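Enquirer: please find the sequence and the predicted model below.
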Amino acid sequence: MFGQQGGGRHRFREIIAKFREKGATSPEKAMTAQELGLPPRFEQAMKRRLGSTGIFVEISGKYYLDEARLQQVEERRRADGVTAQGGRWASRKNVLALRMARLAIGMTAILLALANILYIGSAYLRIAVVLLVVVWVALTAFQFYYLARLRRRWTESGSNNDA
């Protein structure tokens, strides 16, 4: 958030603290970004992903912190197993691990099938190749399911576009 690598979660907490210390936690107490002491990038971020979260709400150029929405988002993150280091990175790492496993299993199945056809000619090796292909298909199906679930979750939370 606001162009700094690695400090997004920390910056986010700082902004929440500013809203709370200034008392901008309801529509009646909303303040401008300048009154809150926020950088101009805050308003730009509000037009993108930050505004779509619903945590910070804009009313006529003034902003307030929606504590109820913040609590919902934090509860959802905890329920999803998202830590301060987690989030989308954890999801991307999981997808990458699935793809790597599929690649390794697929390559092993192809190599074993070729070895069996060209050199060995074993019935047991054919069974092993079939089992590897079944595992590969199962991993592929699971990957599709996992990606669909992630997309649905990101869409529901209103954070499906990267800022």
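Expert: Now that the structure is in, tell me what you want to look at.
Enquirer: for the nearest residue to Tyr63 once chain neighbours are set aside, what are its contacts?
Expert: Of all residues not flanking Tyr63 in the chain, Phe56 sits nearest, at 5.4 Å (Cβ to Cβ, 6 or more residues apart in numbering). Heads up, the C-betas are built off the backbone N, CA and C, glycines and all. Residues near Phe56 by Cβ atoms under 8 Å, 6 or more residues apart in numbering: 15, 19, 46, 50, 63-66.
Enquirer: for the worst-scoring helix or strand of the chain on mean pLDDT, C-alpha coordinates in CSV please.
Expert: When the helices and strands of the chain are scored by mean pLDDT, DSSP states H and E, helix 49-52 comes last with a mean of 72. What follows is helix 49-52, C-alpha atoms only, in CSV (Å, rounded to 0.1, in the frame of the first residue of the first chain):
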residue,chain,number,x,y,z
ARG,A,49,-8.3,-1.5,-4.0
LEU,A,50,-8.3,0.2,-0.6
GLY,A,51,-11.7,1.8,-1.2
SER,A,52,-13.2,-1.5,-2.3
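Enquirer: which is the next helix or strand following it?
Expert: Using DSSP states H and E, the helix or strand that follows helix 49-52 in sequence is strand 56-59.
Enquirer: list the buried residues of that next one.
Expert: 56-57 (16 or more other Cβ atoms under 10 Å).
Enquirer: what is the following helix or strand past it packed up against?
Expert: Next helix or strand after strand 56-59 toward the C-terminus (DSSP H and E): strand 62-65. Here strand 62-65 touches helix 8-22, strand 56-59, going by 3 or more Cβ pairs under 8 Å, 6 or more residues apart in numbering; DSSP states H and E.
Enquirer: out of the ones you listed, indicate the one that is most buried.
Expert: strand 56-59 (a mean of 16; mean count of other Cβ atoms under 10 Å).
Enquirer: show me the domain layout of this structure.
Expert: Structural domains assigned to the chain are 8-74, 87-156, following automatic domain parsing.
Enquirer: still on that earlier bit, report the buried residues of the least confident helix or strand of the chain.
Expert: 50-51.
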